[in-house]
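Student: would you be able to build a 3D model of this:
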Amino acid sequence: MTLTLKRIVGLTFAVLFSLFLAESILRVGIAMRVASFRNPDLYADWATDDDYWKLRHLWGKNVMVHGRLYDPLLGWGTPITAQNPLGAITDKPYVIDSPNRAVLFLGDAFVEGVTRMDHRLPQLVGQALGTPVFNLGMSGYGVDQIFLKFQQARLNFQKPTAVIGLVSVDLDRSVQSFRTGPKPYFTLLNEKLVLKGVPVPPDPLQWLDVNPVQISSFLGAFVARKLRRFHSEDSMEQSYGRDEKEKINHVILKELVGECQEKQIPLFFVLFATKEEMAYEGWREKFLKAEVRRAGADYIDGKKILIHQARLQSKNPQDYFLSEGHLTADGNAIIANAVVKHLQSLGTPALN
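Tutor: Numbering: from 1, shown residues only. Alright, predicted model coming up:
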């Protein structure tokens with residue numbers, strides 16, 4: 001063996017040993033519950049990877065949905081009962097007494113609300129209109145689950161009015177099969193939606209046993225995360241997973257709008273930005289606006305409305321957000337006022 005070959009072999013051995021040692025250190029640290037090693041964000045992307053949410057659960061922060069919130073179609077949601085036939089967010093029993101005179105307000109936690117019940121967005125709209133406005137929002141929902149919830153709820157009516165509240169990050173959730181527990185998701189076959197993951201199993205821990213974390217090398221995952229962040233300082237604007245998100249959400253939005261047009265259901269969107277995105281325009285915001293217009297639907301720009309109101313009141317637009325990121329009662333009231341005006345301008349059956 002020549003001296004050069006010996007050096008190459010020695011160097012190769014040293015590199016392989018170093019990689020093995022680094023992987024071992026990470027795994028030992030994780031096994032010994034060293035907090036700095038048990039951070040899912042080191043190894044997976046919260047906006048794209050199922051593994052992030054699986055690790056978040058396994059490493060001590062329970063993200064599972066158990067018991068009464070379990071839903072075989074949606075993954076989780078408010079139970080449908082005789083007193084709550086739509087599975088709505090409400091503190092009052094109700095009956096569906098009109099096949100047309102109703103507004104279905106769907107979305108994620110921005111629609112569900114985190115304030116006092118009578119200060120939540122759909123409730124404020126209903127109070128102003130004096131017509132049934134059903135709060136069908138649910139924390140953690142993606143565009144896929146919102147679409148499925150709409151399909152489920154509309155069957156109780158002939159021609160309701162649909163208002164769909166979408167937050168930019170709802171796009172990310174459409175590519176995930178696990179977030180707040182196992183969830184349904186769509187794949188594409190010849191540009192058609194194929195629903196997967198249903199019925200969602202009632203035992204999320206059993207689901208995790210069958211669908212464990214897919215990371216084979218924590219060192220490799222750590223390096224990949226570092227490289228992606230090197231190419232994009234803003235984690236929200238990384239290109240990682242973007243193509244898949246755009247493809248699947250394009251078809252979901254097209255199908256949602258097309259279904260409303262076919263059934264002659266009045267529809268418009270309320271587009272929200274996250275608290276951080278109030279300061280800039282990211283790819284998600286641009287994509288959502290373009291796709292809604294492309295599908296032939298109308299929308300209200302919640303970000304623009306809040307910024308305008310903040311200027312009138314000499315406030316920072318982020319003042320309309322709680323510290324955890326959702327809208328305050330004041331923020332809800334501002335958006336609700338815009339929704340009411342838009343509904344009145346449409347003159348839909350919901351208001352007759």
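Student: pLDDT weak spots in the stretch 251-352 of the chain?
Tutor: 349-352 (pLDDT under 70).
Student: can you give me the helices for it?
Tutor: 283-295, 302-312, 329-346 (DSSP state H, counting those that start in this stretch).
Student: buried ones in the shortest one?
Tutor: Going back to what we said before, that points to helix 302-312. 302-303, 305-307, 309-310 (16 or more other C-beta atoms under 10 Å). C-beta: built from backbone N, CA, C; applies to glycine.
Student: could you save those as CSV and add columns showing distance to Lys263?
Tutor: Listed next are those as CSV, based on distance: C-beta to C-beta, whole Å:
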residue, distance to Lys263
Gly302, 26
Lys303, 30
Ile305, 29
Leu306, 32
Ile307, 35
Gln309, 34
Ala310, 38
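Student: and the residues you listed, which is closest to Gln206?
Tutor: Checking those against Gln206 by C-beta to C-beta gives Gly302 as the nearest, at 39.1 Å.
Student: pull the contacting residues for that closest one.
Tutor: Counting by C-beta atoms under 8 Å, 6 or more residues apart in numbering, Gly302 touches 270-273, 335, 338.
Student: who wins for most neighbours among those residues?
Tutor: When neighbours are counted by other C-beta atoms under 10 Å, Phe272 leads these with 29 neighbours.
Student: tell me what Val194 is bridged to.
Tutor: The bridge-partner assignment for Val194, based on DSSP bridges, gives Thr187.
Student: that one: neighbour count?
Tutor: 10.
Student: tell me the pLDDT at it?
Tutor: Looking at Val194, its pLDDT stands at 98.
Student: in this structure it contacts Leu188, no?
Tutor: Yes - counting by C-beta atoms under 8 Å, Leu188 is a contact partner of Val194 at 6.9 Å.
Student: out of the contacts of Gly302, which comes closest to Leu19?
Tutor: Using C-beta to C-beta, the contacts of Gly302 come closest to Leu19 at Ala273, 41.5 Å.
Student: just checking, that closest one touches Ser168?
Tutor: Yes - Ala273 is within contact range of Ser168, at 5.9 Å (criterion: C-beta under 8 Å).
Student: can you check which residues contact both of the two?
Tutor: Shared contacts of Ala273 and Ser168, counting by C-beta under 8 Å, 6+ apart, come down to Glu285.
Student: so which of the helices of the stretch 251-352 of the chain comes closest to His250?
Tutor: Across those, His250 has its closest neighbour in helix 283-295 (5.8 Å, C-beta to C-beta).
Student: using PDB, list the CA coordinates for that closest one.
Tutor: This file holds the C-alpha atoms of helix 283-295, laid out as PDB (Å, rounded to 0.1, in the frame of the first residue of the first chain):
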ATOM      1  CA  TRP A 283     -44.800  33.400  -0.600                       C
ATOM      2  CA  ARG A 284     -47.900  31.900   1.100                       C
ATOM      3  CA  GLU A 285     -49.800  35.200   1.100                       C
ATOM      4  CA  LYS A 286     -49.000  35.800  -2.600                       C
ATOM      5  CA  PHE A 287     -49.900  32.200  -3.400                       C
ATOM      6  CA  LEU A 288     -53.300  32.300  -1.600                       C
ATOM      7  CA  LYS A 289     -54.400  35.500  -3.200                       C
ATOM      8  CA  ALA A 290     -53.400  34.300  -6.700                       C
ATOM      9  CA  GLU A 291     -55.000  30.900  -6.300                       C
ATOM     10  CA  VAL A 292     -58.300  32.300  -4.900                       C
ATOM     11  CA  ARG A 293     -58.500  34.700  -7.900                       C
ATOM     12  CA  ARG A 294     -57.500  31.900 -10.300                       C
ATOM     13  CA  ALA A 295     -60.300  29.600  -9.000                       C
END
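Student: and the strands in this protein?
Tutor: Along the chain, the segments classed as strands by DSSP state E run 70-71, 75-76, 103-107, 133-137, 161-167, 178-179, 181-182, 185-189, 192-196, 267-272, 298-301.
Student: switch these over to CSV; also include distance to Asn249.
Tutor: Formatted as CSV, the strands of the chain follow (distance: least, C-beta to C-beta, whole Å):
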stretch, distance to Asn249
strand 70-71, 22
strand 75-76, 18
strand 103-107, 14
strand 133-137, 18
strand 161-167, 9
strand 178-179, 15
strand 181-182, 20
strand 185-189, 9
strand 192-196, 11
strand 267-272, 13
strand 298-301, 14
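Student: contact partners for Gly137?
Tutor: Contacts of Gly137 by C-beta under 8 Å, 6+ apart are 89, 105-113, 121-122, 165.
Student: quick revisit: would JSON lines of the helices of the stretch 251-352 of the chain with distance to Gly137 be doable?
Tutor: Converted to JSON lines, the helices of the stretch 251-352 of the chain look like this (distance: least, C-beta to C-beta, whole Å):
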{"stretch": "helix 283-295", "distance to Gly137": "17"}
{"stretch": "helix 302-312", "distance to Gly137": "14"}
{"stretch": "helix 329-346", "distance to Gly137": "11"}
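Student: show me the two of the contacts of Gly302 that sit farthest apart.
Tutor: Ala273 and Ala338 (14.5 Å).
Student: what's the burial count for Gln158?
Tutor: 13.
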